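Student: only geometry, no sequence info:
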């Protein structure tokens, strides 16, 4: 082991710059790690998703030590993807940091400008207006098309309902859910799997839209319901 590598092993504290340097070393074409240097954005795409959920799990567990570890794993994903782009001359970690800092300044005019936002709701409203203007999403179609397709389906549905409501378009009313249930029941009785899937999708979408209208989070509501089902699994089996 040469002196430079030994110096890394003897360090007790590290910075974000150190992380970027280590990732660059691991991806070095000549002396890097055989696994790291072969990875692409696509090959580690799912890793980013998994690491993010592990951060959320640590938050739910109120485990600070675990949260610290999992946030480090997310930072590794950021560093890896950024290094890949640095290698092809697209952007650097400094560009990533510059971009998010500029975004925070632009979207907090009540701190860095003359906006009069005083409440959390006013701040969020201003954030959304600025975001739509920045991304040229003034119309409903553009606003909906920009919702990431990779989001969990229930979360994406509620986000679509929320954005539609911001444009004055309601996605659910008192009759929507009962109609979806009736149509799903009819399709099931007819044995029509295609119609079953269609009306189940309508039911789930309108349930997510109803969650937005009620001020609830559909993803969290389903998570709690699933947890409740799991907790009572033994009781149900005994019955």
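Tutor: All right, it came through fine. No experiment lies behind these values; they were computed from the predicted model shown.
Student: list the buried residues in the helix or strand hosting residue 224.
Tutor: Taking DSSP states H and E as the definition, residue 224 sits inside helix 218-231. Under the neighbour-count criterion of 16 or more other C-beta atoms under 10 Å, helix 218-231 has 218, 219, 221, 222 buried. Where C-beta positions appear, they are placed from N, C-alpha and C, glycine not excepted.
Student: in stretch 81-96, what's buried?
Tutor: Residues of stretch 81-96 classed as buried by neighbour count (16+ other C-beta under 10 Å): 81, 82, 83, 84, 86, 93, 96.
Student: by residue count, which helix of this protein is the longest?
Tutor: If you go by DSSP state H, the chain has its longest helix at helix 64-87.
Student: give the other helices and strands that that one contacts.
Tutor: helix 16-26, helix 45-60, helix 93-106 (3 or more C-beta pairs under 8 Å, 6 or more residues apart in numbering; DSSP states H and E).
Student: compute the inter-axis angle for that helix and helix 93-106.
Tutor: In terms of direction (axes from the mean of the first three to the mean of the last three C-alpha atoms, to 10 degrees), helix 64-87 departs from helix 93-106 by 110 degrees.
Student: nearest spatial neighbour of residue 31, skipping sequence neighbours?
Tutor: Counting by C-beta to C-beta, 6 or more residues apart in numbering, residue 31 lies nearest to residue 25, which is 7.6 Å off, once chain neighbours are set aside.
Student: got the domain boundaries for this protein?
Tutor: The chain breaks down by automatic domain parsing into domains covering 3-96, 151-238.
Student: hey, least reliable of these by pLDDT?
Tutor: When these are compared on mean pLDDT, domain 151-238 scores lowest, with a mean of 90.
Student: how about the domains of the chain in CSV, adding distance to residue 127?
Tutor: Shown next, in CSV, are the domains of the chain (distance: least, C-beta to C-beta, whole Å):
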stretch, distance to residue 127
domain 3-96, 20
domain 151-238, 12
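Student: check contacts around the residue nearest the centre of the chain.
Tutor: Centroid-nearest residue in the chain, with C-alpha atoms, centre = their mean: residue 151, separated by 6.4 Å. Going by C-beta atoms under 8 Å, 6 or more residues apart in numbering, residue 151 touches residue 159.
Student: quick one: it and residue 226, what's the gap?
Tutor: Distance of residue 151 to residue 226, given as C-beta to C-beta, to the nearest Å: 18 Å.
Student: and residue 217, its phi and psi?
Tutor: Here is the backbone geometry of residue 217 (degrees, to the nearest 10): phi -110, psi 110.
Student: isn't it right up against residue 211?
Tutor: Yes - counting by C-beta atoms under 8 Å, residue 211 is a contact partner of residue 217 at 6.6 Å.
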